[in-house]
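Student: I would like the atomic coordinates for the input below:
(chains A, B, C and D)
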There are 2 protein chains.
Amino acid sequence: MGHAESPRVKGVAVHPRRRVYRLSRERRVADIMDSARAVFCAKGYSDAVISEIAGQLGIVEGTIYRYFSTKRDLLVAVVEDWYRRILADYDEQLKGISGTRNRLRFLIWRHLKVIHDDPAMFRLVTGELRGGADYRTTSVFDMNRQYTKRTLAIVEDAVKSREFRADVPLRMVRDMIYGGAEHYTWAFLRGEGDFSPDTAADEIVGIIYRGLMGADMASNTGNGAVGAQAISRLESVARRLERVAESREPRRAGEKSRGQG
Amino acid sequence: MGHAESPRVKGVAVHPRRRVYRLSRERRVADIMDSARAVFCAKGYSDAVISEIAGQLGIVEGTIYRYFSTKRDLLVAVVEDWYRRILADYDEQLKGISGTRNRLRFLIWRHLKVIHDDPAMFRLVTGELRGGADYRTTSVFDMNRQYTKRTLAIVEDAVKSREFRADVPLRMVRDMIYGGAEHYTWAFLRGEGDFSPDTAADEIVGIIYRGLMGADMASNTGNGAVGAQAISRLESVARRLERVAESREPRRAGEKSRGQG
DNA sequence: GCACGATAATGAATTAAACTCATTAATGGG
DNA sequence: CCCATTAATGAGTTTAATTCATTATCGTGC
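Tutor: Model (predicted):
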């Protein structure tokens, strides 16, 4: 760092700049975003430092501010770019899959796969971007909407075709799918252990599709078992009420048989 | 700032301090946490400024650092305190409720109620604290564990008593409940509109408990319309009776093996 | 009522990092 | 080979967290 013989202007040392190479706007922006992504992913948003992003490219902080007005602006750009790539072949792939269950499973699996493949980016979205006051104005917000809209559509179709019951709360189903996936992967996102997108997808689809109710009721999935679930449940409630009644009125102990057809 | 007649020491102006009142450590800590909570909630963590927290109390920034080593430390303390209060009467209340469905619904409803009543604090937990690298070392982590453990236990019991099928993926159920609740309330947390904890709780419990499977078909259709309608009515009666019965049933003790049909 | 030691509180100084801007100079079209 | 355009610089400026040596209040024992 010794600039002992630097030229001087008005008595102040002036460092001769090393040869500076200029890039096109597009190229520089792309480079900065690459570098930013690496640093953001490695350190997280708040611990990432602009000077490091610049340093990696051999440029100066000010240069970054020529292209991105704030650090957050840079984050948004990086995330948008990532999201765009993810959504690129989304519909194309979905087109090749048919059947409610398969389509649903694919969307869920794909989401889990994204988390699994790029946990750091996912953390940026959920941990930093989504919480910001300006999130709604972000195109990430819109893209996410697009992203989950497909899920809603599939469930809606299933309702229309009577595969699902009529009173399904669509939005809640969607939120339980994506919220469940997110919570489920937290440990992994924190760097603890691993998870299987396949297993997780199966579990989620299973819960959503078949429901949690006792095995004796949910024998099959088709529309064949009309009311079977409901009847089964009524039977179990009846049994229970019998027990309660018995315990409260011992003398009139239930003579009714327990078996039903 | 003309301090023309301030006393001088070594030629430097010395501002005479106004009378300073000292509080006990406990009291000061409590005051700081109150003020911090207010500011954190109003501005969010990163936009909150220590000097404002201090200013509200008529003290100086340095004083806060006597009790909290970092801004984040202060955040953690505030959240811990909040969480502790929430968990205070948790088990007590839960004790008074019996029946899988009711207990599950209560836990979910209570969670949603907390979000509804104190969205800003909830945002601090999810947006700032949970993402931090040190989250696991926080007692908030442990408390959260306690918090969701109850849910897991209820589902587990239901599996044991065969009310739920045997292959229920416990953890995923828990994650879908809490993750679903969180996603569902985002818009509200961002300050857009409102939501009903009751409705949301019903929806979540409904999906988890009965499942999404379309065996019902009650709403439309010709084939079986009569039966479906009757079943629907019986179901609602059953639900009501069940609630009454559960409130009278002595704990869960009587939940022994159930005849398979 | 007073000295005094423990410690609450100060306020000025120090970093650290985001962000600004006047200036410099590479580049490509004429 | 100009020279206008504009990429890039680097030296600030600002804001906010954090540190610390110093000051002075308050409870306690005499």
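Student: Could you check which residue of chain A lies nearest DNA strand D?
Tutor: The nearest approach of chain A to DNA strand D comes at residue A:62, 2.1 Å away (C-beta to the nearest atom of the strand). Where C-beta positions appear, they are placed from N, C-alpha and C, glycine not excepted.
Student: what about that residue, how many residues close to it?
Tutor: Using other C-beta atoms under 10 Å in any protein chain shown, residue A:62 has 9 other residues around it.
Student: Ok, residue A:200 next?
Tutor: When neighbours are counted by other C-beta under 10 Å, residue A:200 registers 26.
Student: Equivalent analysis for residue A:25, please.
Tutor: Residues lying near residue A:25 (other C-beta under 10 Å) number 10.
Student: What score does the residue of chain A closest to DNA strand D have for pLDDT?
Tutor: Among the per-residue scores, residue A:62 shows a pLDDT of 96.
Student: Dump the C-alpha coordinates for whatever helix or strand it lives in into PDB.
Tutor: When elements are assigned from DSSP states H and E, residue A:62 belongs to helix A:61-67. Extracted C-alpha coordinates of helix A:61-67, given in PDB (Å, rounded to 0.1, in the frame of the first residue of the first chain):
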ATOM      1  CA  GLU A  61     -18.900  -0.100  -3.900                       C
ATOM      2  CA  GLY A  62     -20.000   3.000  -5.700                       C
ATOM      3  CA  THR A  63     -20.300   1.100  -9.000                       C
ATOM      4  CA  ILE A  64     -22.900  -1.200  -7.500                       C
ATOM      5  CA  TYR A  65     -24.900   1.800  -6.500                       C
ATOM      6  CA  ARG A  66     -24.900   3.000 -10.100                       C
ATOM      7  CA  TYR A  67     -27.100   0.000 -11.000                       C
END
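Student: which residues are contacting the very next helix or strand once past that helix?
Tutor: Next along the chain after helix A:61-67, taking DSSP H and E as the criterion, comes helix A:71-88. Contacts of helix A:71-88 with the rest of the structure, by C-beta atoms under 8 Å, 6 or more residues apart in numbering or on different chains, involve A:32-33, A:36-37, A:40, A:45, A:48, A:50, A:53, A:64, A:68, A:114, A:118, A:121, A:124-125, A:128-129, A:132, A:138-140, A:143-144, A:146-147.
Student: in a strand, that's where residue A:168 is, yeah?
Tutor: No - assigned with DSSP: H, G, I helix; E, B strand; the rest coil, residue A:168 falls outside any strand and is coil.
Student: quick one: the residue of chain A closest to DNA strand D and residue A:54, what's the gap?
Tutor: From residue A:62 over to residue A:54 the distance is 8 Å, taken as C-beta to C-beta, to the nearest Å.
Student: Residue A:22: neighbour count?
Tutor: Residue A:22 has 7 neighbours, counted by other C-beta under 10 Å.
Student: So which bits of chain A are right by DNA strand C?
Tutor: Contact residues (C-beta under 7 Å from any atom of the strand) of chain A with DNA strand C: A:16-17, A:19-22, A:48-51, A:61-62, A:65, A:69-72.
Student: Mark which of those residues are buried, thanks.
Tutor: In terms of neighbour count (16 or more other C-beta atoms under 10 Å in any protein chain shown), the buried residues within these are A:48, A:50, A:71.
Student: what residues are up against residue A:192?
Tutor: residue B:136.
Student: In which helix or strand does it reside?
Tutor: Using DSSP H and E, residue A:192 is not contained in any helix or strand.
Student: and it, what are its phi and psi?
Tutor: phi -100, psi 110 (degrees, to the nearest 10).
Student: pLDDT at it, what is it?
Tutor: What the model reports for residue A:192 is a pLDDT of 92.
Student: Residue A:238 now?
Tutor: Per-residue pLDDT puts residue A:238 at 62.
Student: Check the one 10 residues further on too.
Tutor: At residue A:248, the model reports a pLDDT of 57.
Student: Would you mind listing what in the stretch 151-261 of chain A touches DNA strand D?
Tutor: Contact residues, the stretch 151-261 of chain A versus DNA strand D (C-beta under 7 Å from any atom of the strand): none.
Student: Near the residue in the stretch 151-261 of chain A that DNA strand C sits nearest to, how many other residues are there?
Tutor: Per C-beta to the nearest atom of the strand, residue A:191 is where the stretch 151-261 of chain A lies closest to DNA strand C, at 21.8 Å. Neighbour count of residue A:191, defined by other C-beta under 10 Å: 10.
Student: what do you get for residue A:188?
Tutor: 17.
Student: Hmm, residue A:200 and it touching each other?
Tutor: No - Residue A:188 is beyond contact range of residue A:200, at 9.9 Å (criterion: C-beta atoms under 8 Å).
Student: distance of the residue of chain A closest to DNA strand D from residue A:38?
Tutor: Distance, residue A:62 to residue A:38, using C-beta to C-beta: 20 Å.
Student: Next: residue A:108.
Tutor: From residue A:108 to residue A:38 the distance is 29 Å (C-beta to C-beta).
Student: Between those two, tell me which one has more neighbours.
Tutor: Higher neighbour count among residue A:108 and residue A:38: residue A:108, with 23 against 16, using other C-beta under 10 Å.
Student: Okay, and that one sits in which element?
Tutor: Of the helices and strands defined by DSSP H and E, residue A:108 is found in helix A:100-117.
Student: Check which helices and strands that helix sits against.
Tutor: When contacts are defined as 3 or more C-beta pairs under 8 Å, 6 or more residues apart in numbering or on different chains; DSSP states H and E, helix A:100-117 sits against helix A:90-95, helix A:139-160, helix A:170-184, helix A:186-189, helix A:197-210.
Student: What average pLDDT does the longest one get?
Tutor: Taken as a whole, helix A:139-160 has a mean pLDDT of 92.
Student: got the contact list for that helix?
Tutor: Contact with helix A:139-160 is made by A:76, A:79-80, A:83-84, A:87, A:90-91, A:94, A:100, A:103-104, A:107-108, A:125, A:129, A:135, A:164-166, A:168, A:170-171, A:173-174, A:177-178, B:214, as judged by C-beta under 8 Å, 6+ apart.
Student: same thing but 6 Å
Tutor: Residues from elsewhere that reach helix A:139-160 (C-beta atoms under 6 Å, 6 or more residues apart in numbering or on different chains): A:79-80, A:83, A:100, A:103-104, A:107, A:135, A:164, A:168, A:170, A:173-174.
Student: Which one of the residues you listed sits in the busiest neighbourhood?
Tutor: Using other C-beta under 10 Å as the neighbour test, the contacts of helix A:139-160 are led by residue A:164, with 26 neighbours.
Student: Show the pLDDT at that one.
Tutor: Per-residue confidence (pLDDT) for residue A:164: 85.
Student: cool, and the one 3 residues further on?
Tutor: Confidence per residue is given as pLDDT, and for residue A:167 that number is 83.
Student: With residue A:4 instead?
Tutor: Looking at residue A:4, its pLDDT reads 36.
Student: try the one 10 residues further on
Tutor: With respect to pLDDT, residue A:14 has a value of 51.
Student: now swap in the one 4 residues further on and tell me
Tutor: Model confidence at residue A:18, given as pLDDT, is 73.
Student: what about chain A, any weak spots by pLDDT?
Tutor: A:1-17, A:211-261 (pLDDT under 70).
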